[in-house]
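[1] Let's see this in three dimensions:
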Amino acid sequence: MACRIGELVLECRDPEALARFWCEVLDFVVLDREEGAVEIGPREGFGGPQPTIVLSHNRSPRPGRSRLHIDVSPTDRDQDAELERLLKLGARPADVGQTGEESWHVLADPEGNEFCLLRSRIAPV
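    The predicted structure is shown next:
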């Protein structure tokens, strides 16, 4: 077996606020808090089928530098309904030069980190 992703790290100004946002988006829970970082992940914790996300405090993340990119897929609703839910949670549309013909939506979380909402649904874990 090859390596697989166990966790993703995202630099941010407010780890607690982003933890709340991403926990709602992904139905994750806070797994750990340590030295300015919050680790979130599935209820079964680290090492399961999904990676955890470590939201790491950085007082001034460098502009123009990608701190992380996440793709999410709806599990229990279609893409339009999930887009509406994400926008209500605080996501906003982001322009990265897309043509408008893509099958995904490019969004930004409350701190401007870009992520994509894919069309295809995946089974919940």
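[2] going forward, measure contacts between C-alpha atoms and count neighbours the same way
    Fine.
[3] Find the helix or strand that residue 116 is a member of.
    Counting by DSSP states H and E, the element that carries residue 116 is strand 114-117.
[4] Please list the outside residues in contact with that strand.
    Contacts of strand 114-117 with the rest of the structure, by CA atoms under 8 Å, 6 or more residues apart in numbering, involve 68-74, 79, 83, 94, 104-109.
[5] and which of these is nearest residue 123?
    Nearest to residue 123 among these, counting by CA to CA, is residue 74 at 8.5 Å.
[6] Regarding that closest one, what is its secondary structure?
    Recorded secondary structure, residue 74: coil (DSSP: H, G, I helix; E, B strand; the rest coil).
[7] In PyMOL, select just the buried ones from the contacts of strand 114-117.
    Only the buried entries of the contacts of strand 114-117 go into this PyMOL selection, using 16 or more other CA atoms under 10 Å:
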select buried, resi 72+73+74+79+83+94+104+105+106+107+108+109
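[8] Mind picking the two most distant members of the contacts of strand 114-117?
    Of all pairs drawn from the contacts of strand 114-117, the one with the longest distance (CA to CA) is 68 and 79, at 22.1 Å.
[9] picking that back up, which of the contacts of strand 114-117 fall in strands?
    Members of the contacts of strand 114-117 lying in strands (criterion: DSSP state E): 70, 71, 72, 105, 106, 107, 108.
[10] What is the neighbour count of the closest residue to the last one other than its chain neighbours?
    In other words, residue 108. Nearest residue to residue 108, sequence neighbours excluded (CA to CA, 6 or more residues apart in numbering): residue 114, at 4.3 Å. Applying other CA atoms under 10 Å, we find 22 residues neighbouring residue 114.
[11] Would you map out the domains in the protein?
    As assigned by automatic domain parsing, the chain contains the domains 1-59, 69-125.
[12] For this structure, which segments count as strands?
    7-12, 29-34, 37-41, 52-57, 70-72, 92-93, 105-108, 114-117.
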